[in-house]
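**Q** Give me the fold of what follows.
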Amino acid sequence: MSNYRKRVILSLMTLSLIATCLPAYAQAGSGTVVGDNSTVRSEANLNASAIQTIPIGTKVSINGSDNDFLYVEVSGKNLSGWIHQDLVSLKESAKKQEVYKGIVTASTLNIRSGPSTGSSLQGQLRIGNELQVIGESDEWFQIVDERSIKGWVHGDYISIIPNLPSAYVNTEQVSIYTERKDSSGILKHLQKHDVVYIKDYKSGWYSVITESEVEGWVKRNDLTLIINGNAPTSRGGSRGNIAGIVSTTEKYLGTPYRYAATGPNQFDCSGFVYYILHEYYGDMLRQNNINLPRSSRYMATVGTAVGRDQLEIGDLVFFNNGSSSRINHVGIYIGSNNFIHASSGANMSVIISSLNADNYRRRYSTARRLF
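**A** This is a model prediction of the structure:
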């Protein structure tokens, strides 16, 4: 068990002596804006009207929360409103009542009514689903998932992560430094697509911590924030950041497969990709003059071809039928050699699969990058 996980358990034990469940609106404290030109909105959703954008490094007071949004007041200005939580790094004073984040690591994870396998089934989670950890009993964690289902899951099948804004490395290799200067000591090298958690921002540098608890400084331009809202968003809150496609597509896990269906309640493989890109990235398709075909065979003719060793989140991956080079399947790459797709196999639903699985490794044909 990692030191971070041990600290989470100790913190949860302490919190359980104070309250069994903490209301979202109880949150108060201060924080630092870590997204470029972050949007303050009139309501707690991404479609609400924008009041104003505020620059990275802005100090804010936090006076409440609602789902994924924080109600903030900007220090020294007559400005208040809602901002996405992944654009603000909270100070310790704002975390006294914090819950912790977890990510499901099993392909399917049962939610139980109590901390035992004999407890009744409350629901299920899929690999990659995020949840809030609010309690602990022996090897079990009490959680609340994105659908507000509350229950218990076994701790062996979730990864505890810091409750901080996250970002991925957007260049081939970067370093975590001991101080905010290139001449300082190097603590760790990071590779493209590695994820870190942001504690603060100062003068062009992010203060970060990794899952292995390495803490230091990374240059701002080497990281791209990951926003887990209901639609893909950039650091400024627009619908332009392809990194958000992971959380967006995962909302459709388990949606049934049906030939020729284009969603949102049923999909075939190309129908799923077509729906996601048109529904969430239609503006980007138009801005890049991309006329996305409906079939997987013709989808493979748009964008730029990329090698398998150069795959980035959001790339389209294509497969042949196994007996010829003819393309008949497509999915969306989501990192770590995984892709999400509408499968006509045994699952007959939207699932996450590994490119290294024998069936897909043999049938892998090509990949295309649209943006």
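**Q** the strands in the stretch 1-150 of the chain, which residues?
**A** 29-33, 38-41, 50-54, 59-66, 69-74, 80-84, 88-90, 100-104, 108-112, 121-126, 130-137, 140-145, 150-154 (DSSP state E, counting those that start in this stretch).
**Q** Between strand 50-54 and the fifth one, find me the angle.
**A** By that I understand strand 69-74. 60 degrees (axes from the mean of the first three to the mean of the last three CA atoms, to 10 degrees).
**Q** Put the alpha carbons of strand 69-74 into CSV.
**A** The C-alpha trace of strand 69-74 is given here as CSV (Å, rounded to 0.1, in the frame of the first residue of the first chain):
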residue,chain,number,x,y,z
PHE,A,69,-18.1,23.7,-10.2
LEU,A,70,-16.8,26.0,-7.4
TYR,A,71,-18.4,29.3,-6.5
VAL,A,72,-15.6,31.8,-6.3
GLU,A,73,-14.9,35.5,-5.6
VAL,A,74,-11.9,37.1,-7.2
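**Q** could you say what helices and strands it packs with?
**A** strand 38-41, strand 59-66, strand 80-84 (3 or more CB pairs under 8 Å, 6 or more residues apart in numbering; DSSP states H and E). Just so you know, the C-beta spots here come from the backbone N, C-alpha and C atoms, and that holds for glycine as well.
**Q** Out of those, which gets nearest to Val74?
**A** Closest approach to Val74 among the helices and strands packed on strand 69-74 is made by strand 59-66 (5.6 Å; CB to CB).
**Q** Could you pull out the buried residues of that closest one?
**A** By neighbour count with 16 or more other CB atoms under 10 Å, strand 59-66 contains the buried residues Val60, Ile62, Gly64, Ser65.
**Q** Quick one: closest of the strands of the stretch 1-150 of the chain to Ser247.
**A** Of all the strands of the stretch 1-150 of the chain, strand 130-137 comes closest under CB to CB, at 7.6 Å.
**Q** For the stretch 201-350 of the chain, give me the ranges with low pLDDT.
**A** Residues of the stretch 201-350 of the chain meeting the criterion pLDDT under 70: 227-243.
**Q** Where do the strands of it begin and end?
**A** Using DSSP E, counting those that start in this stretch, strands in the stretch 201-350 of the chain cover 205-209, 215-219, 223-226, 304-305, 316-320, 327-335, 338-342, 350-354.
**Q** With mean neighbour count and distance to Asn289 as extra columns, can I get those strands in CSV?
**A** Compiled in CSV, the strands of the stretch 201-350 of the chain are given as follows (neighbours: other CB atoms under 10 Å; distance: least, CB to CB, whole Å):
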stretch, mean neighbour count, distance to Asn289
strand 205-209, 22, 34
strand 215-219, 19, 33
strand 223-226, 22, 24
strand 304-305, 10, 13
strand 316-320, 22, 17
strand 327-335, 23, 21
strand 338-342, 25, 26
strand 350-354, 19, 29
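**Q** can you pull the contacts of the residue lying closest to Lys59 once chain neighbours are set aside?
**A** Leaving aside its chain neighbours, Lys59 sits nearest to Ser75 (4.6 Å; criterion: CB to CB, 6 or more residues apart in numbering). Taking CB atoms under 8 Å, 6 or more residues apart in numbering, we find Ser75 in contact with Thr58, Lys59, Val60, Ser61.
**Q** got those as a markdown table, with pLDDT and distance to Ser324 columns?
**A** Output for the contacts of Ser75, formatted as a markdown table (pLDDT from 0 to 100; distance: CB to CB, whole Å):
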| residue | pLDDT | distance to Ser324 |
| --- | --- | --- |
| Thr58 | 92 | 57 |
| Lys59 | 92 | 60 |
| Val60 | 93 | 58 |
| Ser61 | 92 | 62 |
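**Q** and which of the buried residues of strand 59-66 is nearest Tyr71?
**A** Nearest to Tyr71 among the buried residues of strand 59-66, with distances taken as CB to CB, is Gly64, at 4.0 Å.
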